[in-house]
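K.L.:
Sequence and predicted model, in that order:
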Amino acid sequence: VLSFIIFICYIASLAASFMMAPLLEFLLALFLFFAYAFKLNEKFKGAHWPLADFLRCVTAAIIYFAISIAAVSKYSDGASKAAGVFGFAATIVFAIDFYITFNDLVTFLKQGSSDSPEGRKTEDEDSDSDSD
């Protein structure tokens, strides 16, 4: 929602050249939202969904921070200033989101490494019985 608001602010401002970043972020967030809602992450196990979400959050935070600084410092109209302020808020929201997503990613990667052949023991190695 915040990306869509920023997109609308950039359309109404003199800084319309920055409107593509919030639009792409909004569409990517919408895709991931529907992918998780329709449980595509469970159907397509080959894709690393937490990693994709983490990378989306990191790049969005960096891009929003950069274009917000440019919008606030270069343009003087109210819509550009509003888009910049919303962009700084989005930077904070995405930074919190990538911290939370990072914890999910670590859990996901630890779960994947425990399924590796080196991490598993066979029943023979675990048994204490001496039956022959």
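P.N.:
It's in. Numbering: from 1, shown residues only.

K.L.:
Tell me how far the residue at minimal distance from the centre of the chain lies from Phe44.
P.N.:
The structure's the chain has its C-alpha centroid closest to Cys57; by CA atoms, centre = their mean the separation is 3.0 Å. Per CB to CB, to the nearest Å, Cys57 is found 20 Å from Phe44. (Glycine included, C-beta is placed from N, CA and C.)

K.L.:
same thing with Gly78?
P.N.:
44 Å.

K.L.:
same question, Phe18
P.N.:
In terms of CB to CB, Phe18 sits 33 Å off from Phe44.

K.L.:
Between these two, tell me which one has more neighbours.
P.N.:
Phe18 (27 against 10; other CB atoms under 10 Å).

K.L.:
Now do the contacts for that one.
P.N.:
Tyr10, Ile67, Ala70, Ala71, Ala83 (CB atoms under 8 Å, 6 or more residues apart in numbering).

K.L.:
Please name the nearest non-neighbouring residue to the first one.
P.N.:
It refers to Tyr10. Met19 (3.9 Å; CB to CB, 6 or more residues apart in numbering).

K.L.:
Quick check: phi and psi on that neighbour?
P.N.:
Dihedral pair for Met19: phi -70, psi -20, per degrees, to the nearest 10.
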